[in-house]
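Undergrad: requesting a structural model of the entry that follows:
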Amino acid sequence: MSSDLGSTHPGFLSTVPANRGDRRLAYAVVSASALIFLGVAPFAHHQLPQVFAFIPSYEAAIAFSDLMTAAILFILFNILWSRSLMALACGYLFTALMAVLHALTFPGLFTATGWLGAGSQSTAWLYVFWHGGFPLAVIAYALLKDREDATGPPAEFGRLALVLSVGGVVAAVGGLTLLATAGEALLPEIMPRGVYGTGLIIVVVADLALTFIALLMLWWRRRHTVLDMWLMVVMCAWLFDVALSALLNGRRFDLGFYAGRAYGLLAATFVLMVFQSETAVLYAELARSFRDEHDRRRQESQKRRRTEATLAEQEDRERLYIAAVQSSFDAIVTKTLDGIITGWNPAAQRLFGFTAEDAIGKSIEIIVPEERRAELHDILSRIARGEIVNHHETVRQTASGKCVDVSLSISPIKVPSGAIVGACKIARDVSAQKRVERMKDEFIATVSHELRTPVTTIAGPLGLLIGGAAGELPPPIKRLVTMAHANSARLAHLINDILDIEKIESGKLAFDFRKIEVKDLAERAIEANRALASQYNVSVRLDAGDDEAVVRTDSDRLTRVLLNLLSNAVKFSPQGEEVTVSIERRGPYVRIGVRDHGPGIPDEYKALIFEKFAQVDATDGRRKGGTGLGLTIVRQTIARLGGSVGHTAVPSGGTIFHVDVPRWNVALISQRSPERFTA
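TA: Presented below is the predicted three-dimensional model:
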């Protein structure tokens with residue numbers, strides 16, 4: 001068919017390039033045949049007994065082998081539509097038919113002169129036609145092999161060519177047979193009185209020349225396929241056949257006569273044996289595939305039997321899943337990796353205003369504002385890498401052009417092989433939630449501002465009373481005043497924390513970035529916590545692994561962070577234990593770690609520890625004076641300082657809270673380059 005069929009049909013002998021093993025085997029067969037030929041040639045004239053049964057047996061075997069080979073080649077032509085295969089198939093069909101006719105006209109086999117009205121020269125001329133016709137077919141194969149176009153004939157033309165070619169071969173065989181029998185008088189006498197004459201030598205040399213030309217044309221092809229290699233072997237055997245049985249010997253039934261026909265039988269069976277060998281290999285591979293498939297199915301069957309769910313239950317789950325998707329209040333959209341929508345549930349229609357008919361098959365960009373397209377392509381590239389996007393808040397637009405705040409959760413869609421073929425997006429409208437959050441933040445800010453002044457006014461006089469400004473108080477009254485002062489101070493602390501969070505989240509908290517030596521800052525924070533550590537009978541030690549660590553940060557804000565972490569570490573460490581502060585450089589950051597020897601953080605709280613009002617033990621937290629906002633302030637403050645915060649459990653007990661702060665002169669985020677900005 002085409003010149004690139006080797007890549008399209010890599011399993012066919014006519015397209016598979018011959019490898020070194022194929023060449024070695026072919027050369028070995030030719031070498032062995034040549035050695036036998038050289039050994040037999042000097043004795044070719046040696047007369048042997050006339051075994052007439054040899055003729056029908058030999059030519060029946062040839063006819064059968066050539067017919068089988070022709071059938072296989074015609075089948076390949078029907079698949080590949082290759083003109084070269086058609087020419088070769090016709091050549092094998094020609095030899096099969098000629099072998100049968102040669103046997104029918106052989107003198108003395110069935111009748112004295114042979115059937116079909118044969119004369120004394122008919123069999124010899126059929127032999128000449130036979131052994132000249134096949135090399136012509138091989139020459140046609142070699143010529144067409146290099147000239148086949150890129151597409152090959154259409155199927156209808158190919159079937160017509162098949163019928164015409166078979167009909168042409170049958171007609172050619174019939175015409176040549178008619179010429180050799182009824183038209184025998186028109187042909188020169190080449191076997192006078194059954195002896196090989198000069199005329200026979202001339203036409204046999206012509207056959208040998210055609211065979212040699214066919215061999216050379218096959219050899220000169222730039223890329224030899226497996227079929228090419230074995231056709232060259234066939235042509236070599238054909239040369240030995242013609243040379244022994246019609247040139248080097250003297251008459252019928254001598255050694256050359258028998259040996260030449262042995263070569264002819266080998267020539268007829270070489271390609272067929274290769275086809276059968278390849279078929280056996282394919283059957284073996286098919287058997288292995290069936291066995292592997294059977295084993296896989298058996299294992300799957302056993303696995304299914306081990307599971308509690310039946311096929312009906314699975315179908316019920318699928319129906320429930322579809323029902324859940326259709327009835328979900330969240331918009332569920334599926335799409336390909338290039339953004340083409342493939343699924344659209346009713347909630348998506350309610351949220352975005354597009355019906356499923358309007359959306360499916362369109363680009364997801366129909367709901368993405370222009371300024372959010374870059375964000376969309378970034379998300380799709382992350383999904384293609386297998387990432388999962390959770391709770392990504394962004395803006396999408398409806399069919400009317402209205403923008404809505406949404407929270408997206410996007411997961412890759414994988415086929416059983418593990419390849420990612422698309423994404424499933426769950427979109428939730430958070431516009432109302434954001435309005436409520438803004439109202440809540442405004443309410444908290446208002447209440448906090450209104451409370452801070454009276455609370456401070458109450459705490460101040462109470463502190464003066466405890467200090468004896470109005471004289472020594474009686475013990476019962478002093479105890480009550482002390483309790484009131486402690487609670488008012490705790491309330492003031494809570495209000496200050498709420499205000500700080502509100503300022504950070506609203507972008508109203510100012511940061512003053514400067515060059516800071518971390519060791520000095522840590523020492524000041526430790527000193528500021530000295531009284532609290534004494535109260536809890538806990539010591540605090542600085543382990544400055546890097547004395548020259550310098551960061552670019554806001555000194556007051558980072559000090560507040562360290563004070564918060566140290567306060568927690570002291571409060572949750574057993575009496576007599578030690579809290580350690582460590583400093584080390586890690587790439588572009590300086591890590592400050594605070595280790596306690598407390599009970600650690602339970603697994604169910606590890607993901608919530610930095611959330612607002614999250615406390616591992618609320619009762620114990622209140623007893624120790626915690627507000628539940630300290631770690632939230634730490635996280636948000638460090639984020640705006642360009643760093644990060646985390647915690648690690650220590651196998652020997654306790655927890656290490658650490659903050660990473662950018663080192664001095666390390667440009668991490670370009671928009672934070674000014675020395676002062678508002679968060």
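Undergrad: what's near enough to touch R557?
TA: Residues touching R557, when contacts are defined by CB atoms under 8 Å, 6 or more residues apart in numbering, comprise 511, 637, 641. Quick note: C-beta positions are derived from backbone N, CA and C, even for glycine.
Undergrad: so M439 sits in a helix?
TA: Yes. According to DSSP: H, G, I helix; E, B strand; the rest coil, the state of M439 is that of a helix.
Undergrad: measure how buried it is and give me the count.
TA: M439 is flanked by 10 other residues according to other CB atoms under 10 Å.
Undergrad: now do A432
TA: Tallying neighbours of A432 according to other CB under 10 Å, which is how burial is gauged here, yields 9.
Undergrad: ok, I366 touching A359?
TA: Yes. Counting by CB atoms under 8 Å, a contact exists between I366 and A359, whose distance comes to 6.9 Å.
Undergrad: which one of the two has more residues nearby?
TA: Comparing I366 with A359 by neighbour count (other CB under 10 Å), the higher total belongs to A359, at 23 against 16.
Undergrad: how close does the residue of the chain most remote from its centre get to A26?
TA: Among the C-alpha atoms of the chain, the one farthest from their average position, using CA atoms, centre = their mean, is that of G471, at 83.9 Å. G471 is 121 Å from A26, where distance means CB to CB, to the nearest Å.
Undergrad: about what we covered before: let me know the secondary structure of the residue farthest from the centre of the chain.
TA: coil.
Undergrad: what about it, distance to T457?
TA: According to CB to CB, G471 stands 21 Å off from T457.
Undergrad: show me where this protein has strands.
TA: Assigned by DSSP state E, the strands in the chain fall at 331-336, 341-344, 389-397, 403-414, 420-429, 510-512, 514-517, 539-544, 550-553, 578-586, 589-595, 644-649, 655-662, 676-678.
Undergrad: quick one: which of the ones you listed is nearest D603?
TA: Taking CB to CB as the criterion, strand 644-649 is the member of the strands of the chain that comes nearest to D603, at 9.4 Å.
Undergrad: can you give the strand pairings for the closest one, parallel or anti for each?
TA: According to DSSP bridges, strand 644-649 forms sheet pairs with strand 655-662 (antiparallel).
Undergrad: for the partner strand, which outside residues touch it?
TA: The set of residues external to strand 655-662 that reach it, using CB under 8 Å, 6+ apart, is 518, 551-553, 558, 561-562, 565, 568-569, 586, 588-596, 598, 600-601, 634, 638, 641-650, 668.
Undergrad: geometric centre of this protein: which residue is closest?
TA: Central residue of the chain (CA atoms, centre = their mean): A419, at 5.5 Å.
Undergrad: if I look at that one, how far off is L337?
TA: Using CB to CB, we find A419 at a distance of 10 Å from L337.
Undergrad: just R560 next, same as before
TA: Between R560 and L337 the computed distance is 46 Å (CB to CB).
Undergrad: quickly note the distance from the nearest residue to N665 once chain neighbours are set aside to W664.
TA: The shortest distance from N665 to any non-neighbouring residue, by CB to CB, 6 or more residues apart in numbering, is to R552 (7.4 Å). In this view, R552 and W664 are 5 Å apart by CB to CB.
Undergrad: which of the two has more residues huddled nearby?
TA: A direct count of neighbours by other CB under 10 Å for R552 and W664 places R552 higher, at 21 against 15.
Undergrad: turn the strands of the chain into JSON lines, columns for mean pLDDT and distance to M229.
TA: Putting the strands of the chain into JSON lines (pLDDT from 0 to 100; distance: least, CB to CB, whole Å) gives the following:
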{"stretch": "strand 331-336", "mean pLDDT": "90", "distance to M229": "47"}
{"stretch": "strand 341-344", "mean pLDDT": "91", "distance to M229": "50"}
{"stretch": "strand 389-397", "mean pLDDT": "88", "distance to M229": "57"}
{"stretch": "strand 403-414", "mean pLDDT": "89", "distance to M229": "45"}
{"stretch": "strand 420-429", "mean pLDDT": "86", "distance to M229": "43"}
{"stretch": "strand 510-512", "mean pLDDT": "79", "distance to M229": "80"}
{"stretch": "strand 514-517", "mean pLDDT": "87", "distance to M229": "79"}
{"stretch": "strand 539-544", "mean pLDDT": "86", "distance to M229": "78"}
{"stretch": "strand 550-553", "mean pLDDT": "88", "distance to M229": "74"}
{"stretch": "strand 578-586", "mean pLDDT": "88", "distance to M229": "65"}
{"stretch": "strand 589-595", "mean pLDDT": "89", "distance to M229": "67"}
{"stretch": "strand 644-649", "mean pLDDT": "86", "distance to M229": "67"}
{"stretch": "strand 655-662", "mean pLDDT": "89", "distance to M229": "68"}
{"stretch": "strand 676-678", "mean pLDDT": "34", "distance to M229": "78"}
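Undergrad: any common contacting residues for R552 and W664?
TA: K515.
Undergrad: you'd agree G91 is up against Y141?
TA: Yes. Applying CB under 8 Å, one finds G91 in contact with Y141, separated by 7.3 Å.
Undergrad: what residues sit buried inside stretch 362-369?
TA: 364, 366-368 (16 or more other CB atoms under 10 Å).
Undergrad: please work out which residues outside that stretch touch it.
TA: Where contact means CB under 8 Å, 6+ apart, the residues beyond stretch 362-369 that reach it are 333, 335, 339-341, 352, 354, 359, 373, 376, 395-398, 403.
Undergrad: could you do stretch 391-410 as well?
TA: When contacts are defined by CB under 8 Å, 6+ apart, stretch 391-410 is touched by residues 331, 351-354, 358, 367-369, 372, 375, 379, 383, 388-390, 423-431, 434.
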